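**Q** the sequence and its predicted three-dimensional model are supplied below.
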Amino acid sequence: MPQDLKEIIKERLDLEDFLQHKGFNWSKSGSISKTLCMFHDEKTPSFTLSRDKKRFKCFGCNQGGDVFDFLMSYEKLTFTDSIKQLSSYLSIDYDESSFIDVKEKNKKNDLMKKEVYEVNKIANSYFQKQLTNNTSENSKEILSYLNNRGITLEAIKKHHIGYCPDGNLGSLFEYFRSNKTNKRGVKNSNLLIKKENAEEWIDFFRNRTTIAILDQNSNIVGFGGRSTNELQKSKYINSKDSEIFSKSKILYGIDRASEKIKLKSQVVIVEGYFDCISAYEKGYENVVAAMGTQLSIENFEKLKNLITYSSDTGEMIFCFDNDGAGHKAAVDSINKLRAHIAISVRKANKKIKVKICFPKSGKDPDEMIRTNPLEWEEMILNSQNFIDFMIDHYTEELLGEKNKDTFKFLEIIMPFVVECSDELQQGNYLKHISKITAIDTDLLKIEVTNNLKSKFRKSGKRLSDNKRIKEVIYNDEMTSEKHFLALLLEFPYLFENVKDVEEFYFSDLHYRSIFNLWKEKNKVIEKDQIKVDLKFIYDDINKYIRKNLIDNPDLSNDIELETVKNRIAIDYHKRKIQETESRLNEEETLDSKNEQVISSLMQELTDITEKLKLLERAQY
C-alpha cells in the first residue's frame, strides 16, 4: 500500500545521506547538519536537519518538511514519482499496481460505510416508531420515564431517541426484510446477532431505549442502549466496534457541539447521553459525552484542536457525577491524560486549561441542569484546575492521620506539578505542598519522582518518612556542583569571582538553594546561619573537603574554581540540549505537527549547541 510504503521510506531514509547523494555538501554545527539552501540564494548555510534526519528546515526562507515535501517542491515530482525514486534509492520493491488496488479498496470501503450509514438511518426510524407509535406497555413506560426527565416528544425526535422491543413485540430483522434493506449493510451494522446454537437472528438492542450516535458529519455511526428493567446485565451498552464505530474515536453530541465549541473555545465533557441531551435542551451546546468513563487520548486531541480552533487558548472541563465512582473516574481520566496535557501546556502557541467540576445538588449533571440551570452555570464558571483537584483528592487520601504516606503523595503529585504547570504555577504549588506536608520548599526538588523510583522502588529500602524524603530528593552524585561549593566554602574570598553564575546552572535543588542564599547575603555564610533542612548539605560538603578532594597541586585555587565553574555551565547546556531534543521529538511525533514550534525548537537547539561549543573550547 502506498501509505505503508511512504512510512517505510520515511523510517529507513537518512535525509542527510540522500541529499548528499544528490550533491549537497553538509557542515556540522554541534549535532546539527547544515548546508546552503537550494530554495533561495544565501552565503551562510541555514538549511538544517532535525536530529533524527527525517525532516528539513531552512531558517532563511522558511521552507520545511520531509523528503516527500523536498522532492515535490524542489524537483517538482508528483507523489507517485517521489515514491518511485525513493523506492529505487532504498532498493525497496515497488509495485505500481498496488496503487490501483488501494484506490479500488478505498472505493469499496467508502461504499460499505455508506451502506451501514443507510442501515443505521433505517434502524433509527424503526426505533423511533416503536417508541412514539407503539401502544405497548413498555413503550408507554419509557415515554413516561423520558417525560419525567424533561424530554418531550419534540426532543425525542430531535435527539434520535427510540425503543427496540424484544423479539415477541416486533423485530428489526423483519423490518429490514420488509424494506429490502441492503444485506451487506445490515450484516456490517452489527445491529443483529445470531442466537447461540441457532440460525435465528435477534436484535442486539432488544428491550432497550436507544440513542443514536452521530459523527461530526451527522452520520449515524452507532447506537447506545439503556436497559428498561433491572434484570438486564448492563445498564448501558453501545454498538460493537466496526469500520465506522469506535468508542475511542467517537464523542456523543460532537455533531451538534463542534461549532459551538470552536466559538466558545470551551468544551464540557460529561459522562452520559442524557447529561448531554438535558444540556442541549437548556441551551448549553458546547457539551459532549465520552463513550465510557474515560476520555480517550484520540478524543482528547480532537477536542483540543476544537477549543483552540479560533483562539490560542482553550478550556476543557470534565464534569463527573458527584459520587465515589465519579471522583474515581476523574482521577483515572487525569492520570491517563497527564502526558498529553503536559505537551499542551508546554506548547507556546496553543495552550489549554483542564478543569474538573462536580454537581453539588443532585447526583449527576442531568439532574442539576433540569432543576437548577443557574447552578450549572456557576459550577462551570468555578470549576477547579485539575492539579488543584488532584492535590485535594490525594491530600484527603494520603495525608490524613490514618494511613499517612507523604512519600506516596509526592510520588503521585510532583509529576503533575513539574510537567503540567509553568514556573509561576510551580512556585505556588510547591509552597502549598510544603505547607500541607510540612516539608521545606527547598526539599521539593523538581525531579523528585524519578529519584524516588530509582533509589527506593528498585532497592526496596524502607526508611522513616522524613529521612526517606530528605535522602531521596538529595542527589549526592552532582560532583561538579559539590566541588564548586566546596571550593567557596573552604576559600570564601573567591566568592567575588562567581557572582555571574546563574542559579539555574545547578541541577541539584539543594546546591541551588545554598548558592542562592550566598548570593542574597553576598558572601559565603556559615552553617549555623542556615535552615535546619539544609544543614546536612554543609555536613556533606565538609566531609568532601576533609577528604582533600578539592586540592589540586597543578592549579591555583582561583583557576581551579574557574575550571569547575565552566564545567557546571557545560553540564547545564548539555541538559538544555537533552530537554530541547526531547521537546522536539514530542512535537515531531504528534499527528498534527506544528512547523512553527518545530522550527523554533530547532533554532533553539542550534543556539544552545553554539554556546556549548564556546564553553568547551574555553575549557581547554
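**A** Received the coordinates, thanks. Numbers count the residues shown, from 1 in each chain.

**Q** for this structure, name the helix or strand with the lowest mean pLDDT.
**A** None of the helices or strands of the chain scores lower by mean pLDDT, DSSP states H and E than helix 448-452, at a mean of 41.

**Q** which SS class is Y163?
**A** Counting by DSSP: H, G, I helix; E, B strand; the rest coil, the backbone at Y163 sits in strand.

**Q** from L444, how far out is the residue nearest to it when sequence neighbours are not counted?
**A** Distance criterion CB to CB, 6 or more residues apart in numbering; nearest residue to Y163, sequence neighbours excluded, is L131 at 3.9 Å. Quick note: C-beta positions are derived from backbone N, CA and C, even for glycine. For L131, the distance to L444 equals 58 Å [CB to CB, to the nearest Å].

**Q** just E199 next, same as before
**A** 67 Å.

**Q** between these two, point out the one with more neighbours.
**A** Shown here are E199 and L444; by other CB atoms under 10 Å, L444 has more neighbours (23 against 6).

**Q** surely I317 is within a strand?
**A** Yes - under three-state DSSP, I317 sits within a strand.

**Q** check contacts around it.
**A** Residues in contact with I317, defined by CB atoms under 8 Å, 6 or more residues apart in numbering, are Q266, V267, V268, I269, V354, K355, I356, C357, I380, S383.

**Q** repeat that for Y280.
**A** Counting by CB under 8 Å, 6+ apart, Y280 touches H159, G253, R256, V287.

**Q** contact partners of stretch 48-56?
**A** 10, 13-16, 29, 31-34, 47, 57-59, 63-67, 70, 581, 584-585, 588, 598, 602, 605-606.

**Q** got the buried residues for that stretch?
**A** For stretch 48-56, the neighbour count (16 or more other CB atoms under 10 Å) marks T48, L49, S50, R51, K53, R55, F56 as buried.

**Q** what of stretch 238-245?
**A** For stretch 238-245, burial by neighbour count (16+ other CB under 10 Å) applies to N238, S239, I244, F245.

**Q** now do the helices in the stretch 251-400 of the chain.
**A** Counting by DSSP state H, counting those that start in this stretch, the segments of the stretch 251-400 of the chain that form helices are 254-264, 273-281, 297-307, 324-346, 365-371, 373-381, 386-398.

**Q** again, but for the stretch 401-550 of the chain
**A** So, for the stretch 401-550 of the chain - with DSSP H, counting those that start in this stretch - the helices run 406-419, 423-437, 448-452, 465-473, 479-490, 509-521, 535-546.

**Q** distance to K105 added to the ones you listed, as a markdown table?
**A** Shown next, in a markdown table, are the helices of the stretch 401-550 of the chain (distance: least, CB to CB, whole Å):
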| stretch | distance to K105 |
| --- | --- |
| helix 406-419 | 42 |
| helix 423-437 | 50 |
| helix 448-452 | 47 |
| helix 465-473 | 56 |
| helix 479-490 | 60 |
| helix 509-521 | 57 |
| helix 535-546 | 66 |
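
**Q** and of these, who's closest to K6?
**A** Closest approach to K6 among those is made by helix 406-419 (32.7 Å; CB to CB).

**Q** send me the closest one as PDB with only the CA atoms.
**A** Provided in PDB are the C-alpha atoms of helix 406-419 (Å, rounded to 0.1, in the frame of the first residue of the first chain):
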ATOM      1  CA  THR A 406       3.800  11.600  52.400                       C
ATOM      2  CA  PHE A 407       6.200   9.700  50.200                       C
ATOM      3  CA  LYS A 408       3.400   8.300  48.000                       C
ATOM      4  CA  PHE A 409       1.700  11.700  47.900                       C
ATOM      5  CA  LEU A 410       4.800  13.300  46.500                       C
ATOM      6  CA  GLU A 411       5.400  10.400  44.100                       C
ATOM      7  CA  ILE A 412       1.900  11.000  42.600                       C
ATOM      8  CA  ILE A 413       1.600  14.800  42.700                       C
ATOM      9  CA  MET A 414       5.100  16.000  41.800                       C
ATOM     10  CA  PRO A 415       5.000  14.800  38.200                       C
ATOM     11  CA  PHE A 416       1.800  16.900  37.600                       C
ATOM     12  CA  VAL A 417       3.400  20.000  39.200                       C
ATOM     13  CA  VAL A 418       6.600  19.600  37.200                       C
ATOM     14  CA  GLU A 419       5.100  18.600  33.800                       C
END
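
**Q** quick one: average pLDDT of it?
**A** The average pLDDT within helix 406-419 is 84.

**Q** name the helices or strands packed onto it?
**A** Contacts defined by 3 or more CB pairs under 8 Å, 6 or more residues apart in numbering; DSSP states H and E place helix 406-419 against helix 324-346, helix 386-398, helix 423-437, helix 448-452, helix 465-473.

**Q** just the C-alphas of the longest one, formatted as PDB.
**A** Put plainly, it is helix 324-346. C-alpha atoms of helix 324-346 as PDB (Å, rounded to 0.1, in the frame of the first residue of the first chain):
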ATOM      1  CA  GLY A 324     -17.400   7.800  44.600                       C
ATOM      2  CA  ALA A 325     -17.500   6.400  41.100                       C
ATOM      3  CA  GLY A 326     -17.500  10.000  39.600                       C
ATOM      4  CA  HIS A 327     -14.500  11.000  41.700                       C
ATOM      5  CA  LYS A 328     -12.600   7.800  40.700                       C
ATOM      6  CA  ALA A 329     -13.400   8.500  37.100                       C
ATOM      7  CA  ALA A 330     -12.000  12.000  37.400                       C
ATOM      8  CA  VAL A 331      -8.700  10.800  38.900                       C
ATOM      9  CA  ASP A 332      -8.400   7.900  36.400                       C
ATOM     10  CA  SER A 333      -9.000  10.300  33.500                       C
ATOM     11  CA  ILE A 334      -6.400  12.800  34.600                       C
ATOM     12  CA  ASN A 335      -3.800  10.100  35.300                       C
ATOM     13  CA  LYS A 336      -4.400   8.700  31.800                       C
ATOM     14  CA  LEU A 337      -4.100  12.000  30.000                       C
ATOM     15  CA  ARG A 338      -1.200  13.500  32.100                       C
ATOM     16  CA  ALA A 339       1.500  13.200  29.400                       C
ATOM     17  CA  HIS A 340      -0.800  14.800  26.700                       C
ATOM     18  CA  ILE A 341      -1.900  17.600  29.000                       C
ATOM     19  CA  ALA A 342       1.800  18.300  29.700                       C
ATOM     20  CA  ILE A 343       2.600  18.600  26.000                       C
ATOM     21  CA  SER A 344      -0.400  21.000  25.600                       C
ATOM     22  CA  VAL A 345       0.800  23.200  28.500                       C
ATOM     23  CA  ARG A 346       4.400  23.300  27.100                       C
END
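
**Q** show me where the stretch 151-300 of the chain has strands.
**A** For the stretch 151-300 of the chain, applying DSSP state E, counting those that start in this stretch gives strands covering 161-164, 192-194, 201-203, 208-214, 220-227, 236-238, 251-252, 266-270, 287-290.

**Q** adding mean pLDDT, write those strands out as CSV.
**A** Formatted as CSV, these follow (pLDDT from 0 to 100):
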stretch, mean pLDDT
strand 161-164, 93
strand 192-194, 84
strand 201-203, 85
strand 208-214, 95
strand 220-227, 93
strand 236-238, 90
strand 251-252, 94
strand 266-270, 96
strand 287-290, 94
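
**Q** nearest to Y175, out of those strands?
**A** Between Y175 and the strands of the stretch 151-300 of the chain, the tightest spacing by CB to CB is seen for strand 201-203, at 9.6 Å.

**Q** quick check: buried residues in the closest one?
**A** Residues W201, D203 are the ones in strand 201-203 that count as buried (16+ other CB under 10 Å).

**Q** ditto for stretch 366-379
**A** D366, E367, M368, I369, R370, N372, P373, W376, M379.
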